[in-house]
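> Provide a 3D model corresponding to the input given below.
(one chain, ligands or ions: 1)
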Amino acid sequence: MDDSALLQFSRQILLPEFGIAGQTRLSDGCVVIVGLGGLGSAAAMYLAAAGVGKLILLDDDVVDLSNLQRQIAHDVNHIGILKVFSARDRLLALNPSCEVVAQPVRFVAHQADAWLAEADLVLDCCDNFATRFALNQVCCSAQIPLVSGAALGWSGQVCVFLYQSGQACYRCLFADHPESAATCSEHGIMSPLVGVIGSLQALEALKVLAQVGDTLHSRLLLFDGLHQTWRTVQVSADPACPVCSAADSP
Ligand SMILES: [Zn+2]
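You can find the predicted model right below:
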């Protein structure tokens, strides 16, 4: 690590739990971010700024004026541009030494191997259940930690899945595949909500990569922004889970 990097990341290197060892693990790390909307904007910007070595961005959507209220990696100059490209510009402006790979595609399980080959961790910042379940399945079988976030209206949630024996996976928590999931365009969302949840996803990802602290594995964090309440509930593995119980069996 050269003098410039030591200065750039000095405020977190100062943290005794983190230090040079933590920073080195970040710079050696590769994170795949699925979805560059509100959650992905906040999470990606903090991961780049904190010094994660490589970020792979997956999203097939373009920036729309109605996104700018909360998707802060994009701005008015990016309207009509693919989100992965506008986000890449913002991330490189924050940290030019971060390697940012923009993939203008929607995540699909059958192509996951190519995108996840280098991944040390995956961030689920998507907006639909089909992708969430697919990501969980792929990360479980590849044993890649997944940091899941979701936000709608005034509330949101975060959970970490490490896929270690006996720990719950996403499918253990959400056993029913909803036919029609609520969306921000139908139900609305308060602007900073995605910033809160996306920043928490970044924090959890940084701790997993740096191997420090206690993460939200086996715990689901629930945030209600309208009434300013935080709640953490223990989550248990479902012995009948079709995803992780199958992966556990010999
Ligand atoms: Zn499971």
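
> Grab the nearest non-local neighbour of the residue nearest the centre of the chain.
Closest residue to the average C-alpha location of the chain: Leu123 at 2.5 Å, with Cα atoms, centre = their mean. Distances taken as Cβ to Cβ, 6 or more residues apart in numbering put Ile33 closest to Leu123, at 4.6 Å, once the chain neighbours are dropped. In short, each C-beta sits where N, CA and C put it, glycine included.

> tally of neighbours for that neighbour?
For Ile33, the count of nearby residues is 32 (other Cβ atoms under 10 Å).

> What is the strand or helix carrying it packed up against?
Using DSSP states H and E, the element containing Ile33 is strand 30-34. Where contact means 3 or more Cβ pairs under 8 Å, 6 or more residues apart in numbering; DSSP states H and E, strand 30-34 is packed against helix 38-50, strand 54-58, strand 121-124.

> out of the ones you listed, nearest to the ion?
strand 121-124 (14.7 Å; Cβ to the ion).

> Now do the helix or strand that that closest one is followed by and strand 30-34, the angle between them.
Next along the chain after strand 121-124, taking DSSP H and E as the criterion, comes helix 129-142. Compare the direction of helix 129-142 with that of strand 30-34 by axes from the mean of the first three to the mean of the last three Cα atoms, to 10 degrees and you get 160 degrees.

> List the buried residues in helix 129-142.
For helix 129-142, the neighbour count (16 or more other Cβ atoms under 10 Å) marks Phe129, Thr131, Arg132, Phe133, Ala134, Leu135, Asn136, Gln137, Val138, Cys139, Cys140, Ala142 as buried.

> What's the mean pLDDT across that helix?
What helix 129-142 shows for mean pLDDT is 95.

> same deal with stretch 58-73?
97.

> Distance from it to the middle of the chain?
16 Å (Cα atoms, centre = their mean, to the nearest Å).
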